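J.: What shape does this take:
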Amino acid sequence: METTGEDFSQFDLSEEEKDKLVAEVIRYVLFKTHQNSGCPIKREELTQLITRNYHQRSLPAIVINQARSKLSTIFGYEMRELQRARPSSANTHSSQQSVVDSKSYIIISQLPSDVYRKYVENVNAAHLSGFAFVVISIVHLAGGKISDENLWHHLRRTGLNENDESHPELGNVKQALEALVQQRYLQKNRVNGPEGNTLFYELAERALDETVNGRFKEYIEQIVKKDVPSVDVD
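T.: Numbers count the residues shown, from 1 in each chain. All right, here's what the predicted structure looks like:
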């Protein structure tokens, strides 16, 4: 993914300007990821950052590619591109922003798991990771899509209530669920049916990512092998 100086040769930019643009993208990605709890960063945001003072049409792609390369070699992060997932049913009305197929990025640590746990992992956010695992597992076991009513039915069995705004770990439980939508682990859509509009949650691009999806399947298999009573997902 390393981008050479020749890629910039078509632009009338000094080395200092090139380095500054790449550094600005890296800084934006790192701080925005931290500020927004890992929510994907839209490619449009990075493009606007680059073209604020430079208007060459092909410049953003080259700058972003070099930023991705440096994030990997210097910071140990993979800047992974996500393609926005479409709802599984055509008879749906998205409850989210109606930007179809917009590209975005997340950063994923490339450190070995033991090193990451020891030096990087935030133990104070373990409850959020646990909540995400429970929710995504329920949706996964339901075939990748579940109604709002059934999801809360299973969450209530774990002691989580949709009306709880002061959970000791999660705070507002509904907002914690909405955060998974913003982070693109889930997407929610309303489906028109005989009983009216029904809200459904389904796995979004981040949960469908090969690496993430593989880990969830592995964890679920480990739980099943331990003979933990399975959840009957409607």
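
J.: Let me see the residues that make contact with stretch 214-226.
T.: With CB atoms under 8 Å, 6 or more residues apart in numbering as the test, stretch 214-226 has contacts from 133, 136-137, 140-141, 207, 230. (C-beta placed from N, C-alpha, C; glycine too.)

J.: so where do the helices sit in the chain?
T.: Applying DSSP state H to the chain gives helices spanning 15-35, 43-50, 59-70, 113-119, 126-141, 148-157, 173-182, 205-208, 210-225.

J.: Nearest to residue 188, out of these?
T.: Closest to residue 188 of the helices of the chain is helix 173-182 (CB to CB; 5.8 Å).

J.: So for the closest one, mean pLDDT?
T.: Averaged across helix 173-182, pLDDT comes to 95.

J.: Just tell me which of the helices of the chain ends up closest to residue 191.
T.: Closest among the helices of the chain, using CB to CB: helix 148-157, at 10.6 Å.

J.: Compute the inter-axis angle for the closest one and helix 126-141.
T.: Orientation check (axes from the mean of the first three to the mean of the last three CA atoms, to 10 degrees): helix 148-157 against helix 126-141 gives 130 degrees.

J.: related to what we said a few turns ago, of the contacts of stretch 214-226, which pair is most distant in space?
T.: Taking CB to CB, no two of these sit farther apart than 207 and 230, at 20.0 Å.

J.: more neighbours, these two?
T.: Shown here are residue 207 and residue 230; by other CB atoms under 10 Å, residue 207 has more neighbours (23 against 10).

J.: was I right about that one contacting residue 187?
T.: No: using CB atoms under 8 Å, residue 207 makes no contact with residue 187, being 9.4 Å away.

J.: show me the contacts for residue 170.
T.: 127-128, 131, 160, 176.

J.: Among these, the buried ones, what's the PyMOL command?
T.: Filtering the contacts of residue 170 down to the buried ones (16 or more other CB atoms under 10 Å) takes a single PyMOL command:
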select buried, resi 128+131+160+176
